[in-house]
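>>> Structure for the following, please:
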Amino acid sequence: MRHEEVVSDVTVVGGGLAGCCAAIAAARQGAKVALIQNRPVLGGNSSSEIRVWVCGATAHGTHHYARETGIIGELMVENQFRNPDGNPYYWDLVVLEAVRDEPNISLFLNTDVRSVEADGPEHERTVRAVTGWMMGSEREIRFTGPTFVDCSGDGLVGLLAGAHFRTGCESREEYDESWAPEQADDTTLGSTILFYSKDVGHPVKYVPPAFARDITTTSIPEHRIIRTDLNGCAYWWIEWGGDRDVVHDNEEIRDELQAAIYGIWDHIKNSGKFDADNLTLEWIGAVPGKREYRRFVGDHTLTQHDVLGQEFFPDRVAFGGWSIDLHPPGGMYATERGSRHWHPHGNYHIPLRSLYSQNVANLWMAGRNISCSHVAFGSTRVMATCAVVGEAAGTGAALATRRRMSPRELATNEIGLVHRAMVRADSALLGVENTDSGDLARTAAVDASSTLRRLVVDTSVGTVPLDSPLGMVVPVDPSLGFVELLLDADEDTTVNVELHSTGQPQNYVPLHLETSAAARVGAGHKQWVRFALDWTPDQPQNAFLVVRRNDAVSIHRSDSAEPGTLFFRHRTPPPEEKYTEQWREWKHILHRESLCLRLGSPTRAYDAAHVAGGYARPYGGPRMWVSERIEWDERPWLRLAWEEPVTFGEVAVIFDDEVEEDLINLHHHRTPFDVLPGLVRDYRVQAMVAGEWTTIVSVRENRRRHRVHRLEKAVTTRQLRVLVEATNGAPRAHVVALRVYANPR
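Sure, this is the predicted structure:
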């Protein structure tokens, strides 16, 4: 047996998406990182071993302009290019290559951490080392260093270090959470094993094993959906163990889940109720996907109120948007619904204070073990949210280590440092502006070859009946004078339109009625009808326009849409739905299409000035530069100009990867674009040198959002521009941010 010692700045235990993003983030901040994973593949529940969809703040399209950026955003966009059909093994490769591409990461697969060295009093412990056994290699490896990140899911490192933690459900009284039980209990969300089936084109028999569960003796056939066209996570409800200890009873849980799957497959193949003769069982998981176990206690415990109230924490470092999604402890054998959901009005913030231990001075945590109540955990547990939390924890861990600060000192005294680092990295932040004094672009005047000033969509390809209320979101900056709609009317009538504000800048639901207007419409076709909706908000905002039902009227639609616009149809929730929020009432329609409209006031929503400073993602509007439509011989440009010469060694450009598009890593749905059309494909970065535009960077076939160009030789100039030579299909050029730094990161 070999004994080894590994010394790192940051030691990350757990190679799920939280751990991978934490390791990559710390490495990109210059830390030497050890990433330890007890499985042969990375990705955790998303890996080919378990095959869970990576869900996050979009909530499968419920929330808008909500897809995560940062490291998980890079992974999802790259997976879309390499793996649009959702092959689980290709997803493994995307994650593995992202980790291996970082020279500061040392990866240790098949290494199970079993012991932790920690000392100090109970209220201020310190981790000194963790030791793992590398299976198959007979190597015992001791990892030491100043900082540790527990991304193990179950929280074994924190447990062995003496970190305070919670399991099960808090009582309703503890945090005044309406979805918490009256009395605290030990129940958790259960574990799941999934399966895939395949049509092989000829009859295939199935002989169930003796231990297969006879599901006709259970509530499954009556209360759960079984169909031959379903695969993988469509069977998320195959869940059990919420009333067990999901760690210590893991073997029992695995056996019960597999027995249930073999019984479900027996029901599909042999009951005679399904057309399944040619189907075979292609794959069944061997590793239970766990949902919940230990949640460590940090300096802030995220609660139901923080999620639903979208609390604007000063130390916000990540965001989520999945519903509060809680399941019955009985899982697949419960007679109640397999899940219940409560969505906030939009994305919510997660504070840095929830990502480190309250009593272990050098222990960070990320993933499903962060500091939150059981109810809030119902939302934070999904993997894209775990990933952005991982990036935040990895960034914080690297910065605290470099500054020789505790996590608490960093969160309390240096949150600006964290925000600047995360903004520069294009991390998934909401409501955090780029205030970095090192970004020279912030001191420049910005202009462009052209800018979209009038929001007009006037080419009709058909109509949408106004047989239920229709909604539309448009950006308002600085004001909205009127809106014109292209209408057909079967008879003389009156059409009513309301303008609602949306509350938070990241919300896309009508919350507060601001003004309304009515207009007479004569019988006829293709009439532009004006509605006076004068509104000047205090700051740029989204307006949600509601066109009230009128069965005599139809609205014309177009096959194209402008950035920052959305279109909805109102629906009445079914009476049996107990928990009804607005997201259930307004259903998104016309994806990549639009209602025909004309806004009366010129807009600054697409100004070039948005690229310098700003939020680098939609927030109270699209927050990016959008050019006029590109003619075949045009090359739009975006320019920075300084009063005095500046010298720089790095230029970063953030392009529009269309965060409205709900990407998925596996097979839930398919997005038709390998590369998102809004991304600029071919471009040059040019500097004015000796009176001429000189190309310092030239890129072809770009498919990435965040492009960082570190120059071999510093450049001095008073003017810099990005020359767009082609997009990936969008009719306009889009640039989210342009940043210039004297020194490469």
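
>>> For the stretch 301-450 of the chain, which segments are assigned as helices?
Using DSSP state H, counting those that start in this stretch, the helices of the stretch 301-450 of the chain run over 304-309, 374-380, 383-403, 407-413, 415-424.

>>> Quick one: closest of those to residue 110.
The closest approach between residue 110 and any of those, judged by CB to CB, belongs to helix 383-403 at 20.8 Å. For glycine as for every other residue, the C-beta is placed from the backbone atoms N, C-alpha and C.

>>> Give me the distance from the closest one to the chain's centre.
Distance of helix 383-403 from the chain centroid (CA atoms, centre = their mean, to the nearest Å) equals 15 Å.

>>> mind listing what's buried in it?
Using 16 or more other CB atoms under 10 Å as the test for burial, helix 383-403 gives 383-401.

>>> quick revisit: quick one: which of the helices of the stretch 301-450 of the chain is nearest residue 198?
Closest of the helices of the stretch 301-450 of the chain to residue 198 is helix 383-403, at 25.4 Å (criterion: CB to CB).

>>> avg pLDDT for the longest strand along the chain?
Counting residues, the longest strand found in the chain (DSSP state E) is strand 706-727. Averaging pLDDT along strand 706-727 gives 97.

>>> just to revisit the earlier point, distance to residue 151 added to the helices of the stretch 301-450 of the chain, as TSV?
Formatted as TSV, the helices of the stretch 301-450 of the chain follow (distance: least, CB to CB, whole Å):
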stretch	distance to residue 151
helix 304-309	22
helix 374-380	14
helix 383-403	6
helix 407-413	15
helix 415-424	18
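
>>> Of all the ones you listed, which one comes closest to residue 100?
Of the helices of the stretch 301-450 of the chain, nearest to residue 100 by CB to CB is helix 383-403, at 16.5 Å.

>>> Pull stretch 241-254 out as CSV, backbone CA atoms only.
Output of stretch 241-254 as CSV, limited to C-alpha atoms (Å, rounded to 0.1, in the frame of the first residue of the first chain):
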residue,chain,number,x,y,z
GLY,A,241,-36.3,6.3,1.4
GLY,A,242,-37.6,9.6,2.7
ASP,A,243,-38.7,7.9,5.9
ARG,A,244,-35.3,6.1,6.2
ASP,A,245,-31.8,7.3,6.8
VAL,A,246,-30.8,7.9,3.1
VAL,A,247,-27.1,7.3,3.9
HIS,A,248,-27.0,4.5,6.4
ASP,A,249,-29.9,2.7,4.7
ASN,A,250,-28.5,3.3,1.2
GLU,A,251,-28.3,-0.4,0.4
GLU,A,252,-31.9,-1.1,1.4
ILE,A,253,-33.0,1.9,-0.6
ARG,A,254,-31.1,0.8,-3.7
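
>>> burial measure for the closest residue to residue 137 other than its chain neighbours, as a count.
In space, and not counting its chain neighbours, residue 137 is closest to residue 110: 7.2 Å by CB to CB, 6 or more residues apart in numbering. When neighbours are counted by other CB atoms under 10 Å, residue 110 registers 17.

>>> Same check on residue 704?
For residue 704, the neighbour count with other CB under 10 Å is 19.

>>> same thing with residue 563?
Residue 563 has 23 nearby residues by other CB under 10 Å.

>>> rewinding a little: next, the angle from the longest strand of the chain to helix 415-424.
30 degrees (axes from the mean of the first three to the mean of the last three CA atoms, to 10 degrees).
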